[in-house]
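>>> just a sequence and a predicted model for now, questions to come.
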Amino acid sequence: MHASCLLAGGRFEAARRVAGDEHRLQGLHGHSFRVLARADVTHIEQAELQAALAQVLAPLDYADLNQQLPQCDDLSLAQHIKDALNCPSALLLQSAPERGVMLENGTALHWIAASFEAAHHLPHVPAGHKCGRLHGHGFGVRIVANARQHSQAQLEAAWAPLFLRLNHRYLNDIAGLENPTSEVIAAWLYHALQDAGLQGLAWVEVRETHTAGSQFDGKRFRIWKEQRFESAVPFDSHGNYTGHSYLVRLMLTGSLDRTMGWLLDFGDVKDRFKPIYRQLDHNPLDKLAGVRDGHSQSVAEWVHAHLSPLVPELARIDLMENAHQGVSLLFHDDMRWPLLQGE
Ligand SMILES: Nc1nc2c(c(=O)[nH]1)N=C([C@H](O)[C@H](O)COP(=O)(O)OP(=O)(O)OP(=O)(O)O)CN2
């Protein structure tokens with residue numbers, strides 16, 4: 001049994017003034033807002049969800065939000081959109097590249113995105129593994145916390161000293177990061193942020209490359225690996241085809257291998273997916289055995305059927321046709337939470 005969800009996204013440009021502690025938000029300023037909604041397939045169809053979202057966002061586009069809504073801080077805005085949609089199980093609003101909110105099941109979360117640049121090597125990988133060599137990354141970080149307990153400004157303040165400890169360092173030299181996998185870094189950051197007073201911390205995300213990363217929520221680890229493929233799908237009932245540049249995100253959950261410090265090597269996820277990828281990439285998806293009309297939900301189910309015997313930790317598959325449209329299959333309750341937005 002799994003839950004099947006639809007993902008629909010949108011954007012709008014708007015101006016606002018926000019009352020509150022953050023001085024810079026009090027003056028009139030503008031944003032390129034991004035929204036991602038997740039809804040259960042049993043409640044709505046993809047085109048309907050997309051149309052409903054477009055309808056809700058239209059009056060906000062190129063508008064003065066203070067004229068449209070009694071309150072227009074990120075949380076109020078996200079709540080307004082979620083209420084107007086009337087069906088999403090989760091909603092993510094990004095007001096700037098580095099901050100936003102998430103709503104799900106009556107819980108509101110603030111998040112900030114940050115980055116740091118650092119060198120590392122993984123000391124326990126087998127000889128010849130590329131991550132055993134000294135190398136480095138521009139790491140991405142997302143810090144997510146209960147919005148009742150912490151403002152975005154508090155998250156930024158808690159992150160600032162950690163940035164100084166990590167940026168332009170050799171991570172292996174830092175106590176606790178002797179084996180700096182992204183899972184270990186996520187857990188290290190989680191505990192450091194809690195120690196700094198973020199008692200309402202929900203989870204920490206570390207994006208190691210543009211295609212892979214880890215999350216830690218104090219108990220569980222999740223990792224993801226993304227791949228892109230180019231495929232054709234039927235466009236109408238007359239035999240015409242169209243195409244998409246798909247993004248597939250494979251999310252795994254489980255415990256850490258204590259020696260390796262990871263759940264499963266991102267490279268292994270990619271290798272096990274490779275024979276499946278080859279059947280998807282530069283192919284017509286409706287010709288895959290058992291795939292109905294090349295429909296994304298059917299393709300994601302096909303991927304699961306072929307990949308889960310090879311990757312038992314597989315807990316969720318997101319399949320995006322483009323940045324604004326996709327499906328999410330959840331094989332583990334815990335995977336309902338993290339709503340990831342592509343770059
Ligand atoms: N579970 C983990 N697996 C791996 C980690 C990790 O932290 N946790 N780290 C590495 C390496 O540091 C590596 O730099 C990143 O791995 P990978 O995603 O395989 O990198 P690629 O550049 O090959 O990514 P592609 O986009 O697929 O080319 C290895 N594994």
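Cool, got the structure.
>>> spell out which parts of the stretch 1-150 of the chain neighbour the ligand.
With the criterion set to C-beta under 6 Å from any ligand atom, the stretch 1-150 of the chain comes near the ligand through Leu122, Cys131. Using the backbone N, CA and C atoms, a C-beta is placed for each residue, glycine as well.
>>> low pLDDT regions in the stretch 1-150 of the chain?
1 (pLDDT under 70).
>>> run the last query once more with 80
Scanning the stretch 1-150 of the chain for pLDDT under 80 picks out 1, 21-22, 87-88, 105.
>>> stretch 10-19: which residues count as buried?
Across stretch 10-19, burial judged by 16 or more other C-beta atoms under 10 Å covers Gly10, Phe12, Ala14, Arg16, Val18.
>>> now tabulate those residues in JSON lines and tack on distance to His31.
Output for the buried residues of stretch 10-19, formatted as JSON lines (distance: C-beta to C-beta, whole Å):
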{"residue": "Gly10", "distance to His31": "14"}
{"residue": "Phe12", "distance to His31": "9"}
{"residue": "Ala14", "distance to His31": "6"}
{"residue": "Arg16", "distance to His31": "7"}
{"residue": "Val18", "distance to His31": "10"}
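>>> out of those residues, who's nearest the ligand?
Nearest to the ligand among the buried residues of stretch 10-19: Gly10, at 27.5 Å, using C-beta to the nearest ligand atom.
>>> wait, the closest one touches Leu57, no?
Yes: counting by C-beta atoms under 8 Å, Gly10 does reach Leu57; the two are 4.8 Å apart.
>>> what do the two both touch?
Val35 (C-beta atoms under 8 Å, 6 or more residues apart in numbering).
>>> what is the neighbour count of the spatially closest residue to Leu339 that is not a sequence neighbour?
Leaving aside its chain neighbours, Leu339 sits nearest to Leu92 (4.6 Å; criterion: C-beta to C-beta, 6 or more residues apart in numbering). Residues lying near Leu92 (other C-beta atoms under 10 Å) number 24.
>>> same check on Tyr170?
For Tyr170, the neighbour count with other C-beta under 10 Å is 14.
>>> who's in contact with Phe235?
With C-beta under 8 Å, 6+ apart, Phe235 has these contacts: Tyr241, Thr242.
>>> and it, what pLDDT?
We have a pLDDT of 91 for Phe235.
>>> if we can go back for a sec, will you turn the buried residues of stretch 10-19 into TSV that also has secondary structure?
Converted to TSV, those look like this (DSSP: H, G, I helix; E, B strand; the rest coil):
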residue	secondary structure
Gly10	strand
Phe12	strand
Ala14	strand
Arg16	strand
Val18	coil
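>>> closest to Asn240 among these?
Gly10 (26.9 Å; C-beta to C-beta).
>>> show me where the stretch 1-150 of the chain has its helices.
Assigned by DSSP state H, counting those that start in this stretch, the stretch 1-150 of the chain shows helices spanning 23-26, 46-57, 65-68, 74-85.
>>> most tightly packed of these?
Comparing the helices of the stretch 1-150 of the chain by mean neighbour count (mean count of other C-beta atoms under 10 Å), helix 74-85 comes out on top with a mean of 20.
>>> neighbours of the nearest residue to Arg11 once chain neighbours are set aside, just the number please.
In this structure, Arg11 finds its nearest non-sequential neighbour in Arg34, 5.4 Å apart by C-beta to C-beta, 6+ apart. Counted with other C-beta under 10 Å, the neighbours of Arg34 add up to 19.
>>> strands of the stretch 51-200 of the chain, start to end?
Applying DSSP state E, counting those that start in this stretch to the stretch 51-200 of the chain gives strands spanning 63-64, 90-96, 99-104, 107-120, 135-146.
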